[in-house]
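**Student:** Kindly generate the corresponding structure for this input.
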Amino acid sequence: MSSTAHDCCLTPGEVDLATLKAIYHGHVKLRLNDEARQRVSAARQTVETILDSGEVVYGINTGFGKLAQTTIPADHLAELQRNLILSHSVGLGDLLPDNVVRLVMATKIISLGRGHSGIRLELIDALITLYNAGIMPCIPEKGSVGASGDLAPLAHLSLMLLGEGQVRVEGQLVPALQALASVGLAPFEPAPKEGLALLNGTQVSTALALRGLFEAENVFAAGLIAGAFSLEAIKGSVKPFDARIHQARGQQGQIAVAAAVSTLLNGSEILSSHLHCGRVQDPYSIRCVPQVMGACLDNLHYAARILQIEANAASDNPLVFTDTGEVISGGNFHAEPVAFAADIIALAVAEIGAISERRLALLLDSGLSGLPPFLVQNGGVNSGFMIAQVTAAALASENKSLAHPGSVDSLPTSANQEDHVSMATYAARRLGAMCFNTAAVVGIEAMAAAQGMEFHRPLQSSPLMEPLFGEIRNRVAFLDKDRLLAPDIDAMRLWASRSDWPEAVSQLLPSHPKGEV
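**Tutor:** Okay, here's the model as predicted:
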């Protein structure tokens, strides 16, 4: 938890993307608003009333999944909930990083706080206490099919409440029992309905998709700026960015991107040096930046809307409705909306990298760019950016395979009771690798474009672009002759992964406080 974290009062159903992004970056400490606390207590009372009546209700005093018809005696209900958590803790692979786990914990708190889960308030308070203390459950990344929710990873989250297994504190593994004691908590004995409420839900797939969204926003912004640098480097035409062209089509993302690029380049000496050159037919990777990147932006906004809704959703099963005293079984745990959103983000991330790689190739082709071959003097002795483009091509090509939609896959589970699943957790998890790849591609393009702009000195770019050029130069030096480029490429990958971009670009992004194109 950041030492500068500020207090955040969660209002389940109304938590916005900016707050979720702050949680991702560790900038907030959490508490639950009073209205939500009252709803949670009322729902728990409904569950207690059902237990006292002896009524048989799924999820409260029955088995689960294919065993839903099996009634569990009252003296075994606590054992049932504990066994549920233990039996479902079957995840594998690397542990989810703390930034993702923060989102998992926060969205689980939000979901339980909707007041439809029938759990005790002290269980939510324990999750909040653990979150605020920086105690992160160890959640393996693999083992969920995205319905009946993220069962295995959420079981691993729940283990720490039992005092089982390990947790992570400031990167170090600590026994869960010890971590609970450090914040004054004893291990929980889960009450009826609580184990199921903890395990059902889409919080892991949603958290992974939100990470993908936030990282996709970064590479989108970097790709837009890299494209503007490339336009400068080849002395391309700004005429295709004329607002009238884009208004005539009417696509909002396209209109916004064209305006942003025009703002970025306003006042450029490089542009003004060739205003009357008659160049209007740049390759599509330059000329169609508004059309391609605008479509990517529209995809990100659509996915963001879905994910914000899901982050606020009651997605476990069954759900408690206190107004009528009913407990109704449904399927809100099915993560199909998250899977589709993740797939849509994947398409955008792949295209941001694909068009960036084509601009990079254009920069290196002296016949099209007008720049020295491979952007280096004394070619032949020096290879310049030749093989850096090969790396970019490899990463862009890898993203094409990773972009295959996860949502079209399904394997039945639980003896065909769960006969169609979303695969949302994989669909969202693979976004991390895709954003890494695209950040590297965009970083290489920006580095190459900055190199190309050096050949136009002393002409300057615009007042907005020159500071960004300076930031690149602070990371990587001009390539006057061949040198080890791998550290430069990684430095530029980190540049493209940053989140502090000029307002002309950041205002386009879904998690911007305004959040509208």
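**Student:** now the strands: where do they sit in the stretch 301-450 of the chain?
**Tutor:** 319-321, 326-328 (DSSP state E, counting those that start in this stretch).
**Student:** Which residue ranges of the protein form strands?
**Tutor:** Applying DSSP state E to the chain gives strands spanning 6-10, 28-32, 92-95, 135-137, 140-142, 166-169, 172-175, 319-321, 326-328.
**Student:** ranking the ones you listed by burial, who's on top?
**Tutor:** The highest mean neighbour count among the strands of the chain, using mean count of other C-beta atoms under 10 Å, belongs to strand 135-137: a mean of 26. Just so you know, the C-beta spots here come from the backbone N, C-alpha and C atoms, and that holds for glycine as well.
**Student:** got a list of contacts for that strand?
**Tutor:** Contacts with strand 135-137, where a contact means C-beta atoms under 8 Å, 6 or more residues apart in numbering, come from 98, 101-102, 105, 130, 156-160, 167-169, 174, 176, 179, 182-183.
**Student:** Now that strand: average pLDDT?
**Tutor:** What strand 135-137 shows for mean pLDDT is 98.
**Student:** Adjacent strands (with direction) for it?
**Tutor:** Take DSSP bridges as the rule and strand 135-137 pairs in its sheet with strand 166-169 (antiparallel).
**Student:** before we move on, the earlier item: can you add distance to Arg249 and give the strands of the stretch 301-450 of the chain back as JSON lines?
**Tutor:** Shown next, in JSON lines, are the strands of the stretch 301-450 of the chain (distance: least, C-beta to C-beta, whole Å):
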{"stretch": "strand 319-321", "distance to Arg249": "44"}
{"stretch": "strand 326-328", "distance to Arg249": "46"}
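**Student:** In CSV, list those strands along with mean pLDDT and distance to Val408.
**Tutor:** As requested, the strands of the stretch 301-450 of the chain are exported to CSV (pLDDT from 0 to 100; distance: least, C-beta to C-beta, whole Å):
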stretch, mean pLDDT, distance to Val408
strand 319-321, 97, 28
strand 326-328, 94, 30
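**Student:** and the closest residue in space to Ala197 that isn't next to it in sequence, how many neighbours does it have?
**Tutor:** Nearest non-adjacent residue to Ala197, counting by C-beta to C-beta, 6 or more residues apart in numbering: Ser117, 4.0 Å away. Using other C-beta atoms under 10 Å, Ser117 has 31 neighbouring residues.
**Student:** for the one 10 residues further on, same thing?
**Tutor:** Counted by other C-beta under 10 Å, the residues lying close to Leu127 total 24.
**Student:** Quick one: residues contacting the closest residue to it other than its chain neighbours.
**Tutor:** Leaving aside its chain neighbours, Leu127 sits nearest to Ile109 (5.3 Å; criterion: C-beta to C-beta, 6+ apart). With contacts defined as C-beta under 8 Å, 6+ apart, Ile109 is in contact with 10, 30, 32, 124, 127-128, 131.
**Student:** switch the cut-off to 7 Å
**Tutor:** 10, 30, 32, 124, 127-128 (C-beta atoms under 7 Å, 6 or more residues apart in numbering).
**Student:** Also Ile355?
**Tutor:** Contacts of Ile355 (C-beta under 7 Å, 6+ apart): 285, 292.
**Student:** hmm, who's touching stretch 417-435?
**Tutor:** Taking C-beta under 7 Å, 6+ apart as the rule, stretch 417-435 contacts 65-66, 141, 144-148, 150, 202, 204-205, 208-209, 211-212, 215-216, 219, 334-336, 338-339, 342-343, 345-346, 349-350, 399, 402, 406-407, 409-413.
**Student:** Which among those residues count as buried?
**Tutor:** 141, 144-148, 150, 202, 204-205, 208-209, 211-212, 215-216, 219, 334-336, 338-339, 342-343, 345-346, 349-350, 399, 406-407, 410, 413 (16 or more other C-beta atoms under 10 Å).
**Student:** Sort out which of the residues you listed are in helices and list them.
**Tutor:** Per DSSP state H, helices hold the following members of the buried ones among the contacts of stretch 417-435: 204-205, 208-209, 211-212, 215-216, 219, 336, 338-339, 342-343, 345-346, 349-350, 399.
**Student:** so what's Leu319 closest to, chain neighbours aside?
**Tutor:** Setting aside the residues directly before and after it, Leu319 is nearest to His116 in space (C-beta to C-beta, 6+ apart), at 4.2 Å.
**Student:** mind checking how far the closest residue to Arg82 other than its chain neighbours is from Val442?
**Tutor:** Closest residue to Arg82 apart from its sequence neighbours, by C-beta to C-beta, 6+ apart: Pro190 at 5.9 Å. Pro190 sits 46 Å away from Val442, going by C-beta to C-beta, to the nearest Å.
**Student:** what do you get for His404?
**Tutor:** On the measure of C-beta to C-beta, His404 and Val442 end up 22 Å apart.
**Student:** which of those two has more neighbours?
**Tutor:** Between His404 and Val442, counting by other C-beta under 10 Å, Val442 is the more crowded of the two (33 against 13).
**Student:** what's near enough to touch that one?
**Tutor:** 219, 222-223, 226, 352-353, 356, 496.
**Student:** Filter the residues you listed down to the ones in helices?
**Tutor:** In helices, judged by DSSP H, the following of the contacts of Val442 are found: 219, 222-223, 226, 352-353, 356, 496.
**Student:** pLDDT (mean, whole number) over stretch 195-213?
**Tutor:** The average pLDDT within stretch 195-213 is 97.
**Student:** just stretch 48-56 next, same as before
**Tutor:** Rounded mean pLDDT across stretch 48-56 is 90.
**Student:** got it, and stretch 414-423?
**Tutor:** The model assigns stretch 414-423 a mean pLDDT of 83.
**Student:** Can you pull the poorly scored residue ranges out of the stretch 401-517 of the chain?
**Tutor:** 514-517 (pLDDT under 70).
**Student:** Same question for the stretch 151-300 of the chain.
**Tutor:** Across the stretch 151-300 of the chain (using pLDDT under 70), the flagged ranges come out as 278-280.
**Student:** The nearest residue to Asn312 once chain neighbours are set aside - how many residues pack around it?
**Tutor:** Counting by C-beta to C-beta, 6+ apart, Gly13 is the residue found nearest to Asn312 once chain neighbours are left out, at 4.9 Å. Using other C-beta under 10 Å, Gly13 is surrounded by 16 other residues.
**Student:** Could you check the pLDDT of Gly13?
**Tutor:** The model's pLDDT for Gly13 equals 97.
**Student:** now do the one 5 residues further on
**Tutor:** pLDDT, the model's per-residue confidence, is 96 for Ala18.
**Student:** these two touch, right, it and Ser506?
**Tutor:** No. The pair Ala18 / Ser506 is not scored as a contact, 11.7 Å apart, by C-beta atoms under 7 Å.
**Student:** Pick out whichever of these two has more residues nearby.
**Tutor:** With other C-beta under 10 Å as the criterion, Ala18 and Ser506 differ in neighbour count, and Ser506 comes out ahead with 18 against 14.
**Student:** Leaving out chain neighbours, which residue sits closest to that one?
**Tutor:** In space, Ser506 is closest to His512, 5.6 Å off (C-beta to C-beta, 6+ apart).
**Student:** For that neighbour, give its distance to Ser462.
**Tutor:** His512 is 22 Å from Ser462, by C-beta to C-beta.
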